[in-house]
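A.B. asks: Give the three-dimensional model of this entry:
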Amino acid sequence: MNVRRVALAVAAPVLAILISLTVSSAILMASGDKPFDIYSSMWDFGTQTNSIISMLNRAVPYYLAGLAVAVGFKMNLFNIGVEGQYYLAALLAGVVGAWLDLPAPLHVASICIVAMAVGAAWAGIAGVLKATRGVNEVISTIMLNNIVLLGLGAWLMARFRESDTGGSLQIATERIPASGLMPNLNGWVEAIGIDVPQGSRLTGFLLVAVLAGAVFYVVLERTRFGYDLRASGHNSWAAAASGVDAKGMVVKAMLLSGGFAGLVGLSYLLGDFGRFTGDFPTGLGFTGIAVALLGRNHPVGIGLGALLWGFLERSAQRLDLEDVPKEIVTIMQGTIVLSVVVAYEIVRRIRQAQLQREVSSKVEDERVADVAGAPA
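C.D. replies: All right, here's what the predicted structure looks like:
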């Protein structure tokens, strides 16, 4: 039974990837390219040491965004506002981080706490609106995204921009002191006998992402709070009847989701950037939705999905040398997102049919046992 459950759990993402490869292969063949040669070239390039480091660096923010989205999914909430939440969190965390003067570990921890608090507060607005006014969280989070990305973010950047630009036209906040930056893990990699190519830096925020995944699993899968959250999402009336404040759980779920979202941009802020800039990476929150779907809202699955996304983005750089449009990777990613929904529905129906057969079999066994035990 456990083997069958595991097989069904991995069937949907595997099926989605296979569908994506099939569609992408058809497009490549239609354009006169050989799919196997292209995939082989992508694999050879993507498995080099510097490519693996780049893949991991890309996967970290995707993983954290996936966790943030998955918290909402666990309660049937669609937090599409991770984009605005991490953007605002990184901006304000960068401002506070530049202002603080603390020892290295405490400085980094303070920046992370500020980012989580800002992300939670911004997501909490949507939670309160849904719990008190019944406002759909998709609509409210989209509007909150626009407020940050099209208005509030620009105002804050103008308000807290770097005072001494040195003639640079780039808009940015003050630089965070060295004590507030996250050291890389190159020394750890070299300690296990792997030579790190010059110019490659494995982000130290990878450790924070692993810790976040562990917290996600423990809180949502191994605590009463996590059980109440999931129960409220499946059936709010039943949860309320058992003493759970369903509306309160909506707010708590959005706060927790926003807390994870606040960490999404920190690998860039505390890494190569060292401050918040006008060209700070965007789109990470929306990618987190795809990663969470592919990973079935489980921290391990989300991690594998994030690594896949990082691998595809890194290996896409090789396609230019093969005279192949690297947009084929975008097609692959888009096809995965679309096919994963179809694959989930197929697996759900298989699982439902299997459950119905098991229930019918047990009922039949009990009926036979009752007939056999009845007096003649």
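
A.B. asks: From here on, just use CA atoms for contacts and neighbour counts.
C.D. replies: OK.

A.B. asks: any chance you could map the helices in the stretch 51-200 of the chain?
C.D. replies: 82-99, 104-133, 137-147, 153-159, 186-191 (DSSP state H, counting those that start in this stretch).

A.B. asks: other SSEs contacting the first one?
C.D. replies: Meaning helix 82-99. helix 49-74, helix 104-133, helix 137-147, helix 153-159, helix 246-261, helix 284-294 (3 or more C-alpha pairs under 8 Å, 6 or more residues apart in numbering; DSSP states H and E).

A.B. asks: what's the answer for the longest one, then?
C.D. replies: Taking 3+ C-alpha pairs under 8 Å, 6+ apart as the contact definition, the neighbouring helices and strands of helix 104-133 are helix 82-99, helix 137-147, helix 246-261.

A.B. asks: can I see the domain layout of the chain?
C.D. replies: 1-33+329-367, 58-323 (automatic domain parsing).

A.B. asks: Distance to Ala240 added to the helices of the stretch 51-200 of the chain, as CSV?
C.D. replies: Shown next, in CSV, are the helices of the stretch 51-200 of the chain (distance: least, C-alpha to C-alpha, whole Å):
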stretch, distance to Ala240
helix 82-99, 28
helix 104-133, 14
helix 137-147, 20
helix 153-159, 39
helix 186-191, 49
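
A.B. asks: Highest mean neighbour count out of these?
C.D. replies: helix 82-99 (a mean of 27; mean count of other C-alpha atoms under 10 Å).

A.B. asks: Just the angle for it relative to helix 49-74, thanks.
C.D. replies: Interaxial angle of helix 82-99 relative to helix 49-74 (axes from the mean of the first three to the mean of the last three C-alpha atoms, to 10 degrees): 120 degrees.

A.B. asks: Run the chain-centre distance for helix 82-99.
C.D. replies: Between the centre of helix 82-99 and the centre of its chain there are 18 Å (C-alpha atoms, centre = their mean, to the nearest Å).

A.B. asks: Which of the helices of the stretch 51-200 of the chain sits closest to Ser40?
C.D. replies: The closest of the helices of the stretch 51-200 of the chain to Ser40 is helix 186-191. By C-alpha to C-alpha, the value is 26.3 Å.

A.B. asks: Pull out the buried positions in whichever helix or strand comes after the closest one.
C.D. replies: Counting by DSSP states H and E, the element after helix 186-191 in chain order, helix or strand, is helix 205-221. Within helix 205-221, the residues that count as buried by 16 or more other C-alpha atoms under 10 Å are Phe205, Leu206, Val208, Ala209, Val210, Ala212, Gly213, Phe216, Tyr217, Leu220.

A.B. asks: For those, which two are the farthest from each other?
C.D. replies: For the buried residues of helix 205-221, and using C-alpha to C-alpha, no pair is farther apart than Phe205 and Leu220, which are 22.3 Å apart.

A.B. asks: Return the member of the buried residues of helix 205-221 nearest to Pro197.
C.D. replies: Leu206 (18.5 Å).

A.B. asks: which residues touch the closest residue to that closest one other than its chain neighbours?
C.D. replies: Among residues not flanking Leu206 along the chain, Val60 sits closest, at 6.0 Å (C-alpha to C-alpha, 6 or more residues apart in numbering). By C-alpha atoms under 8 Å, 6 or more residues apart in numbering, the residues touching Val60 are Phe205, Leu206, Ala209, Val264, Ser267, Ala306.

A.B. asks: pLDDT at Val60, what is it?
C.D. replies: As predicted, Val60 sits at a pLDDT of 98.

A.B. asks: returning to that earlier point: now, of the domains of the chain, which is deepest in the fold?
C.D. replies: Buried most deeply of these, by mean count of other C-alpha under 10 Å, is domain 58-323, with a mean of 20.

A.B. asks: before we move on, back to that, compare the helices of the stretch 51-200 of the chain and give me the one nearest Ser41.
C.D. replies: It's helix 186-191; of the helices of the stretch 51-200 of the chain, that one is closest to Ser41 (C-alpha to C-alpha) at 25.4 Å.

A.B. asks: So what touches that closest one?
C.D. replies: Outside helix 186-191, the residues touching it (C-alpha under 8 Å, 6+ apart) are Asp195, Val196, Arg201, Leu202.

A.B. asks: Could you give the separation of that helix from the chain centroid?
C.D. replies: 26 Å.

A.B. asks: pLDDT weak spots in the stretch 1-150 of the chain?
C.D. replies: The model of the stretch 1-150 of the chain has pLDDT under 70 over residues 1-6, 8.

A.B. asks: check contacts around the residue minimising distance to the centre of the chain.
C.D. replies: Compute the mean C-alpha point of the chain, and by C-alpha atoms, centre = their mean the closest residue is Gly66, 1.5 Å away. Going by C-alpha under 8 Å, 6+ apart, Gly66 touches Gly285, Thr287, Gly288, Ile289, Ala290, Val291, Ala292, Asn297, Ile302, Ala306.
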